[in-house]
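Chemist: Structure here, sequence nowhere to be found:
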């Protein structure tokens, strides 16, 4: 038997009315929704779990609905969400590094008020807020914005580097390309071979359909052979449909500058008439000038340094140096690592007569370089200090 209070209120009615007046007391929708109470303890501030967009997907919606879950049986009263270009990730020690930094309500879904940029690589993260305190952020997730190309309208990518007929001086080459349409394929597959018919194994990383992402560059998986001509091309993909393959380009490796060789002067034939040496000199030849044994100073690297966006090629520049014998060449040493701090030699560029040179790079890798000068007498000067730069993923 239900006990009735004055004015006909049952115990259940009293509970419902009381609960609606208390903060943190949320009643579930009896049909469609399970409601959770607000988190009240600071120990309840745990990282949310992003659910969309994640895993390098392409979203054609330029105001996508960002969604996440919360792993506890309570919910923060609000959330802090941050969205940034991928190259801004190093600035995320504070919210100033984000393109968007916004406080949302208690719901676990949010859309930007303005459209994101098309064909752009983004990252995002979210954190709960309890009583004005922002908790630990979720893991960072990455995605591309479209529009995604129509599978039936794919066209051939355009090879960018190495240029046709280029001389490559490093054992690992970075292939880069562009896509001329304003849409974005779901992925690209480059091919690299020493066979013009591409009959041998592909020296680039071969991905399954699910693993190919719309990056515009890739480093070779295997070390190349010296003094070898290579052929490469690239194809775009949407779903299981592959578009037309690009034109084939070639480059030749020469790691030490010795592949071309130099012609040997021919021996004089026995039937050649003797060469008249002419009259002997009447005056003794002048004494030779003292040999130059002093090396030139180290050049000063100018650029690049720090973080760069995702590019396939960078130009290294340095200040010129002088020497009494003149400067015959500069040499640049380039090393790289993929994030493990284990520097690997990429190559040594020799015979450089100017104060700049362009090198191919791979997005997501870290590089360092130094430069030295060699004078006209063959004296090699000291190398400059290492200058480091990072080529970020976007």
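Modeler: That came through fine. Since we're looking at a predicted model, the values are computed, not measured.
Chemist: is it true that residue 257 touches residue 349?
Modeler: No. Contact criterion C-beta atoms under 8 Å: residue 257 and residue 349 do not qualify, at 9.6 Å. C-beta here means a position set from N, CA and C on the backbone, and glycine is covered the same way.
Chemist: shared neighbours, those two?
Modeler: Common contact partners of residue 257 and residue 349 (C-beta atoms under 8 Å, 6 or more residues apart in numbering): residue 169.
Chemist: Looking at those two, which is more packed in?
Modeler: A direct count of neighbours by other C-beta atoms under 10 Å for residue 257 and residue 349 places residue 349 higher, at 21 against 12.
Chemist: so that one bridges to which residues?
Modeler: Residue 349 forms beta bridges with residue 332, as assigned by DSSP bridges.
Chemist: now it: how far from residue 51?
Modeler: According to C-beta to C-beta, to the nearest Å, residue 349 stands 47 Å off from residue 51.
Chemist: again, but for residue 103
Modeler: Taken as C-beta to C-beta, the span from residue 103 to residue 51 is 20 Å.
Chemist: Go ahead and report the secondary structure state at residue 43.
Modeler: Here residue 43 is helix, with the state taken from DSSP: H, G, I helix; E, B strand; the rest coil.
Chemist: That one: how many residues sit nearby?
Modeler: Residue 43: 9 neighbours (other C-beta under 10 Å).
Chemist: Check residue 117 too.
Modeler: For residue 117, the neighbour count with other C-beta under 10 Å is 11.
Chemist: give the contact list for it.
Modeler: By C-beta under 8 Å, 6+ apart, the contact set of residue 117 is 62, 145.
Chemist: quick one, phi/psi of it?
Modeler: When read as degrees, to the nearest 10, the backbone of residue 117 gives phi -80, psi 140.
Chemist: That one and residue 146, how far apart?
Modeler: Counting by C-beta to C-beta, the gap from residue 117 to residue 146 is 11 Å.
Chemist: low-scoring pLDDT stretches of the stretch 201-350 of the chain, where are they?
Modeler: Applying pLDDT under 70 to the stretch 201-350 of the chain picks out residues 205-218, 220-222, 260-285, 287-289.
Chemist: And the strands in it?
Modeler: 217-219, 229-238, 241-245, 249-253, 301-303, 306-308, 313-318, 327-337, 344-352 (DSSP state E, counting those that start in this stretch).
Chemist: can you map out the helices along the chain?
Modeler: Here the chain has its helices, by DSSP state H, at 11-21.
Chemist: Domain-wise, how is it divided?
Modeler: 1-34, 36-145, 152-253, 301-391 (automatic domain parsing).
Chemist: Take the strands of the stretch 201-350 of the chain and lay them out in TSV including distance to residue 190.
Modeler: Converted to TSV, the strands of the stretch 201-350 of the chain look like this (distance: least, C-beta to C-beta, whole Å):
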stretch	distance to residue 190
strand 217-219	6
strand 229-238	4
strand 241-245	10
strand 249-253	11
strand 301-303	28
strand 306-308	21
strand 313-318	16
strand 327-337	19
strand 344-352	19
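Chemist: need the contact list for the closest residue to residue 303 other than its chain neighbours.
Modeler: Counting by C-beta to C-beta, 6 or more residues apart in numbering, residue 303 lies nearest to residue 317, which is 5.2 Å off, once chain neighbours are set aside. Applying C-beta under 8 Å, 6+ apart to residue 317 gives the contacts 301-303, 355-356.
Chemist: please redo it, this time with the cut-off set to 7 Å
Modeler: Residue 317 sits next to 302-303, 355-356 when contact means C-beta atoms under 7 Å, 6 or more residues apart in numbering.
Chemist: Wait, residue 329 touches residue 357, no?
Modeler: No. The criterion here is C-beta atoms under 7 Å, and residue 329 misses it with residue 357 at 11.2 Å.
Chemist: returning to that earlier point: identify whichever of the strands of the stretch 201-350 of the chain lies nearest to residue 387.
Modeler: When those are compared by C-beta to C-beta, strand 301-303 sits nearest residue 387, at 4.4 Å.
Chemist: tell me which strands and helices the closest one is in contact with?
Modeler: strand 313-318 (3 or more C-beta pairs under 7 Å, 6 or more residues apart in numbering; DSSP states H and E).
Chemist: Listing partners with orientation, what would you give for the strand it packs on?
Modeler: strand 301-303 (antiparallel), strand 356-360 (antiparallel).
Chemist: buried ones in the last one?
Modeler: By neighbour count on 16 or more other C-beta atoms under 10 Å, the buried set for strand 356-360 is 357, 359-360.
Chemist: with those in mind, which one is nearest to residue 341?
Modeler: Closest approach to residue 341 among the buried residues of strand 356-360 (C-beta to C-beta): residue 359, at 20.6 Å.
Chemist: Hmm, the closest one is touching residue 316, no?
Modeler: Yes. Counting by C-beta under 7 Å, residue 359 touches residue 316, with 6.4 Å between them.
Chemist: what about stretch 194-201, start to end distance?
Modeler: End-to-end distance for stretch 194-201: 9 Å, by C-alpha to C-alpha, to the nearest Å.
Chemist: before we move on, the earlier item: shared neighbours, residue 117 and residue 146?
Modeler: With contacts defined as C-beta under 7 Å, 6+ apart, no residue is shared by residue 117 and residue 146.
Chemist: can you pull out the strands in the stretch 1-150 of the chain?
Modeler: Assigned by DSSP E, counting those that start in this stretch, the stretch 1-150 of the chain shows strands spanning 49-52, 57-59, 66-69, 78-85, 100-104, 109-110, 121-130, 133-134, 141-145.
Chemist: low-scoring pLDDT stretches of the stretch 1-150 of the chain, where are they?
Modeler: Residues of the stretch 1-150 of the chain that meet the criterion pLDDT under 70 lie in 1-34, 87-98.
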